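Colleague: build me a model:
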Amino acid sequence: MNKSKLAFGTGSSVVVEKCQICGYEKLEPIMFLGYLPPVNKLNKIGEKPKEQPSYPAQLLYCTKCHLVQLGLIVDPKILFPAEYPYTSSTTKILRDNFAELYQECKTIVDLSKNDLIVDIGSNDGNLLSNFKDHKVLGITPEEIGKIAIERGIPTIIDYFRKEVVDKIKKEHGKSKIITATNVFAHIENINEIVKLILDLLADDGVFISESHYLLSLIQTLQYDTVYHEHLRYYSLHSLKYLLEMHGLEVIHAKKIPTHGGSIRVYAARKGKYKVNGTVEALLKEEKPIVLDKKNLLEFKKKAVLSKLELHSLLLNIKKENHKIYGIGAPSRASTLINYAGIDDGIVDCVLEIKDSHKVGNYVPGTLIPIIEESKLFEDQPDYALLLSWHIADEIMPKLKQKGFKGSFILPLPNPRILK
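Modeller: Numbers count the residues shown, from 1 in each chain. Alright, predicted model coming up:
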């Protein structure tokens, strides 16, 4: 997450007046999800409600480069506090994804023992742990980088900026592979970031990014992935436009299952690698959906109807005096709960694993307490609302195996009850 160059003040934000990629000024509004609180601003249970910031969440569409983006950039110091609670190693799907990325990477890039692998936004070192046979270096501004250091993964606790790039080049040389997973859509001034990546990248180096995927967002109605950490919602078309602006060529692209549907893209300097047929295939698949504004407006309509359907389902349950507990408190849960207007009168609590940083706090923007998950099996509520619904197939069998006897509510894409 890059230190902003937009002259942020404390608690300030910047309205997006032109496209974050191409600078086109005639951005078209798609959807407004209301004023949302920062997803990592957690208040302790029992703390009295007080004034808190919230920021408008509006999706805008650029007809020139086809980027879907947020209409407001919030100071990253607000969005990513030093005690940033997210740890990627605790999620099995991410551990498996990064292991698979490493194996795939070896089939595309000829790696030697002395090649440097740099991970931007390296978190607790989850991705780099797979590259242990090579030189690795993580970069993250959060204190969680100390966990990576304890695991033996060298990590610079700082933002990805020019001074850091210069330091790396001086001490380690240029990088054969640079990765940016679940971070490339989070950083403002994206064109400056790509320039820094190019500066650090070896002549035959490869840049690999993973980001939330616009096609998946549309197809599975993931309005809950819209929050202020996510400044851009990439399609391959918009990513290709961005990278080509800087002389980079997309050589491989694929859909991956992380975060409910993401896109992994390999890029290198033009002509350095053969372009895989996956690129043209994915562009072709995207074209009728992401290049037509009508589909984006249809997304808005479906999101509104889905919210109303969820309310109708919850209404019938509460009329019968049944208890509902939420399961999982990922960042996306904050958007769903706040956009859908769910409060502690509807959902009694949200349950998280015992060692989660979020236990003992309220869901942002609400007085819904986040409690350790054993309460689910002790109290046996009638319904469990799956806020990590995108991995329901992984969660439901585990909860049943542990003894949960109730029914599950899946809020998206079509609200429904599963026994």
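
Colleague: tell me the bridge partners for Arg232.
Modeller: Gln69 (DSSP bridges).

Colleague: that one: what's it in contact with?
Modeller: By Cβ atoms under 8 Å, 6 or more residues apart in numbering, Arg232 lies in contact with 20-21, 67-70, 185, 190, 211, 238. Yep, even glycine has a C-beta here, placed from its N, CA and C like the rest.

Colleague: can you pull out the helices in the stretch 201-350 of the chain?
Modeller: Assigned by DSSP state H, counting those that start in this stretch, the stretch 201-350 of the chain shows helices spanning 214-219, 236-245, 277-290, 293-319, 331-340.

Colleague: so which of those gets nearest Asp393?
Modeller: Nearest to Asp393 among the helices of the stretch 201-350 of the chain is helix 214-219; the distance by Cβ to Cβ comes to 15.7 Å.

Colleague: list the buried residues for stretch 272-288?
Modeller: 273, 275-276, 278-279, 282-283, 286 (16 or more other Cβ atoms under 10 Å).

Colleague: what do you get for stretch 61-68?
Modeller: Buried residues in stretch 61-68 (16+ other Cβ under 10 Å): 61-62, 65-68.

Colleague: can you check stretch 92-105 too?
Modeller: 94-95, 97-98, 101-102, 104-105.

Colleague: which residues does it contact?
Modeller: Residues contacting stretch 92-105 (Cβ under 8 Å, 6+ apart): 88-89, 111, 126-127, 129-131, 177, 179, 181, 206, 208, 210, 256-258, 264, 391, 394.

Colleague: show me the residues you listed that map onto strands.
Modeller: Among these, DSSP state E puts 177, 179, 181, 206, 208, 210, 256, 264 in strands.

Colleague: give me the number of residues near the first one?
Modeller: Read it as Ile177. 24 (other Cβ atoms under 10 Å).

Colleague: bridged to the residue lying closest to it once chain neighbours are set aside, which residues?
Modeller: Leaving aside its chain neighbours, Ile177 sits nearest to Ile117 (4.8 Å; criterion: Cβ to Cβ, 6 or more residues apart in numbering). Under the criterion DSSP bridges, Ile117 forms beta bridges with Val136, Ile177.

Colleague: hang on, the earlier thing: ok, of the buried residues of stretch 92-105, which one's closest to Tyr362?
Modeller: Leu94 (25.8 Å).

Colleague: pretty sure the closest one is in a helix, no?
Modeller: Yes - assessed by DSSP: H, G, I helix; E, B strand; the rest coil, Leu94 belongs to a helix.

Colleague: what's the weakest-modelled helix or strand in this protein?
Modeller: When each helix and strand of the chain is scored by mean pLDDT, DSSP states H and E, helix 76-79 comes last, with a mean of 84.

Colleague: CSV please, covering the ones in strands among the contacts of stretch 92-105 and showing pLDDT.
Modeller: Output for the ones in strands among the contacts of stretch 92-105, formatted as CSV (pLDDT from 0 to 100):
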residue, pLDDT
Ile177, 98
Thr179, 97
Thr181, 94
Val206, 98
Ile208, 98
Glu210, 96
Ile256, 94
Arg264, 98
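
Colleague: which one of those residues sits closest to Ser216?
Modeller: Ile256 (9.6 Å).

Colleague: ok, the closest one - contacts?
Modeller: So Ile256 contacts 97, 210, 262-264 (Cβ under 8 Å, 6+ apart).

Colleague: can I have the buried ones of these as a PyMOL selection?
Modeller: If you want just the buried ones from the contacts of Ile256 in PyMOL, going by 16+ other Cβ under 10 Å, the selection is:
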select buried, resi 97+210+262+263+264
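
Colleague: and Phe32, bridged to which residues?
Modeller: Going by DSSP bridges, Phe32 forms beta bridges with Gln58.

Colleague: how much space between it and Gln219?
Modeller: The gap separating Phe32 from Gln219 is 21 Å, by Cβ to Cβ, to the nearest Å.

Colleague: same deal with Ala281?
Modeller: From Ala281 to Gln219 the distance is 17 Å (Cβ to Cβ).

Colleague: dump the C-alpha coordinates for the least confident helix or strand of the chain into CSV.
Modeller: Only the C-alpha atoms of helix 76-79 are listed here, as CSV (Å, rounded to 0.1, in the frame of the first residue of the first chain):
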residue,chain,number,x,y,z
PRO,A,76,-4.5,5.1,3.5
LYS,A,77,-3.5,5.9,7.0
ILE,A,78,-7.1,5.6,7.9
LEU,A,79,-7.7,2.4,5.9
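
Colleague: pull the number of nearby residues for Tyr383.
Modeller: Tyr383: 20 neighbours (other Cβ under 10 Å).

Colleague: helices along the stretch 51-200 of the chain, start to end?
Modeller: 76-79, 92-108, 145-150, 162-172, 190-200.

Colleague: for the ones you listed, which one sits closest to Ile342?
Modeller: helix 76-79 (22.3 Å).

Colleague: the residue most central in space within the chain and Ser209, how far apart?
Modeller: By Cα atoms, centre = their mean, the chain has its centre lying nearest to Asn182, at 5.1 Å. Going from Asn182 to Ser209 by Cβ to Cβ gives 9 Å.

Colleague: intersection of neighbour lists for the two?
Modeller: Common neighbours of Asn182 and Ser209 (Cβ under 8 Å, 6+ apart) do not exist.

Colleague: what about Pro257, how many residues nearby?
Modeller: So Pro257, with other Cβ under 10 Å, has 13 neighbours.

Colleague: need the contact list for it.
Modeller: Taking Cβ under 8 Å, 6+ apart as the test, what Pro257 contacts is 93, 97.
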